[in-house]
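Enquirer: Have a look; sequence and predicted model below, questions after that.
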Amino acid sequence: MQDVVLIGVKRPRDRAWEVEEFLDELKLLAQNLDMNGRFRLVQKREAPDPATFVGSGMVEKIHNLVVNESLKAVIFDDELSPSQQRNLEKLLPVPVYDRTFVILSIFLERAKTKEAKAQVDLARLKYEYPRLKKMWSHLHRQAGGTGIRGGEGEKQLEVDRRIARRQMQRLEKTLKRFEQGRNTRKKARSRNLINIALVGYTNAGKSTLMNQLTKASVEADDRLFVTLDATSRLWHVDPVLKIVLSDTVGFIRKLPHDLVASFHSTLTEVREADLLFHVIDACHPHLDELQETVRGVIDSLVDEPVPTVLLFNKIDGLSKMELKSLKRAHPDAIFISALEKVGMDDLREFVRRRFQYMLRQVNLFLPTGAMAHFYRLNDYGQITTSHHLDEGIRLGFRGFRERIDALLREVPELEIVEKGRLQPVGESQ
């Protein structure tokens, strides 16, 4: 792992602990690229320097540290302008990166599906476009076979920019096709399924929770951005209530704008959800700030607010007093430990209560002459009670309203004997 130095800037509005926490996070991000943030330097400034982001004195300090400690790179916690990056690399003997570059590099490495790769490639190109003087050979390798030639006297940079623009246009068309396909599938989707999306700061434990509830095999570990593609699995809350549970990409502070824009289509799971489970690391020392970060990203994605429930995860790491205090501060939240399987029953019960309005409980009568249809009933809902009579079977039946209506159309011999309000499974009529 290569040793590097991390650079932060504290503006008057910034809190000292916040700057340090950002650098802690940057160190974790850099580790994903085999870079060890062994050193860190922070400069207090009213505003970033237009030429080098930090002042000349800090640049000299960075230079000396790099030379004396044989460091391999310098990483800034904020996004540098192309000119700032070029100026710094003229003054320093090693490559200069910024937080945006590091995040994009991780996303490039972790993207698995064609859609995720297209999304990250688009964000990367938008980042690289103003920096093309350094990227021309890289672009030409990617554009092999395009037949693009510069006219007589045309500068190489103009050719490179044209290649990049064409690539971005191609990727935007590709992503639009993915979105159209998703919209088509959405129209065909049965309304007998409820959609819940897991959202939260990266490493809040969403993937672990997904695995516990759905027996999925979503990768979950301590690295940042393990989940890039939204993964959906069926969660059987009870015999009737089935939830499409989606695990979405984790959010992070200072997330590059173009990356959020590129993932806009993937995050339709957030915009179209019936409910959001906002998963929060209950042990994080500044969980309110993380909560605000996630809320800000969600607000940028949705046109209308989506009902949201806070899920405080990892409560096994709290003391009894800490948990009591957290519950007092968030009386409407749900408290769980996905790893220790604590609170899973509470979560199921909450969902049952939350969506029971979509269900209906009825008394049905199936005459003896139509008994062949009996085994089809479970395809439409749940038989909760049955009472055999000489002339047929009287049934308690629970299901989605639309499915019960469909059942009555498919089996006209069925009769509703008496409409009843929704009752828990097994409760007699």
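Expert: Structure received.

Enquirer: what is the rounded mean pLDDT of stretch 46-59?
Expert: For stretch 46-59, the mean pLDDT works out to 96.

Enquirer: Just the buried residues of it, please?
Expert: Judged by neighbour count (16 or more other C-beta atoms under 10 Å), stretch 46-59 contains these buried residues: 48, 49, 51, 52, 53, 54, 58, 59. In this view, the C-beta of every residue, glycine as well, is placed from N, C-alpha and C.

Enquirer: how about the helices in the protein?
Expert: According to DSSP state H, the chain carries its helices in the segments 16-31, 56-69, 82-91, 99-110, 114-128, 136-142, 156-188, 206-214, 257-262, 268-271, 287-301, 320-329, 344-354, 401-410.

Enquirer: gap between the fourth one and the chain center?
Expert: Mean C-alpha position of helix 99-110 versus that of the full chain (C-alpha atoms, centre = their mean, to the nearest Å) differs by 15 Å.

Enquirer: on contacts alone, who are the packing partners of it?
Expert: Other helices and strands packing on helix 99-110, by 3 or more C-beta pairs under 8 Å, 6 or more residues apart in numbering; DSSP states H and E, are helix 16-31, strand 73-76, helix 114-128, helix 257-262.

Enquirer: Grab the CA positions of it and hand them over as CSV.
Expert: Taking C-alpha atoms only, helix 99-110 is exported to CSV below (Å, rounded to 0.1, in the frame of the first residue of the first chain):
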residue,chain,number,x,y,z
ARG,A,99,-11.9,13.3,-3.3
THR,A,100,-14.0,13.1,-6.5
PHE,A,101,-11.3,11.2,-8.4
VAL,A,102,-11.0,8.7,-5.5
ILE,A,103,-14.7,8.1,-5.3
LEU,A,104,-15.0,7.7,-9.1
SER,A,105,-12.1,5.3,-9.1
ILE,A,106,-13.8,3.1,-6.5
PHE,A,107,-17.0,3.2,-8.4
LEU,A,108,-15.2,2.2,-11.6
GLU,A,109,-13.7,-0.8,-9.8
ARG,A,110,-16.9,-1.9,-8.1
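
Enquirer: Just put the buried residues of stretch 46-59 in JSON lines and tack on distance to residue 333.
Expert: Output for the buried residues of stretch 46-59, formatted as JSON lines (distance: C-beta to C-beta, whole Å):
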{"residue": "48", "distance to residue 333": "38"}
{"residue": "49", "distance to residue 333": "43"}
{"residue": "51", "distance to residue 333": "47"}
{"residue": "52", "distance to residue 333": "45"}
{"residue": "53", "distance to residue 333": "40"}
{"residue": "54", "distance to residue 333": "41"}
{"residue": "58", "distance to residue 333": "43"}
{"residue": "59", "distance to residue 333": "47"}
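
Enquirer: for residue 45, phi and psi?
Expert: Summarising the backbone geometry of residue 45 under the convention degrees, to the nearest 10, its torsions are phi -150, psi 150.

Enquirer: Tell me the spacing between it and residue 54.
Expert: Distance check for residue 45 against residue 54: by C-beta to C-beta, to the nearest Å, it reads 7 Å.

Enquirer: Deepest-packed of the helices and strands packed on helix 99-110, please.
Expert: Using mean count of other C-beta atoms under 10 Å, the stretch among these with the greatest mean number of neighbours is strand 73-76 (a mean of 24).

Enquirer: Direction included, what does it pair against?
Expert: strand 2-10 (parallel), strand 96-98 (parallel) (DSSP bridges).

Enquirer: so can I have TSV of those showing mean pLDDT, distance to residue 275 and mean neighbour count?
Expert: Converted to TSV, the strands paired with strand 73-76 look like this (pLDDT from 0 to 100; distance: least, C-beta to C-beta, whole Å; neighbours: other C-beta atoms under 10 Å):
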stretch	mean pLDDT	distance to residue 275	mean neighbour count
strand 2-10	96	38	20
strand 96-98	95	36	22
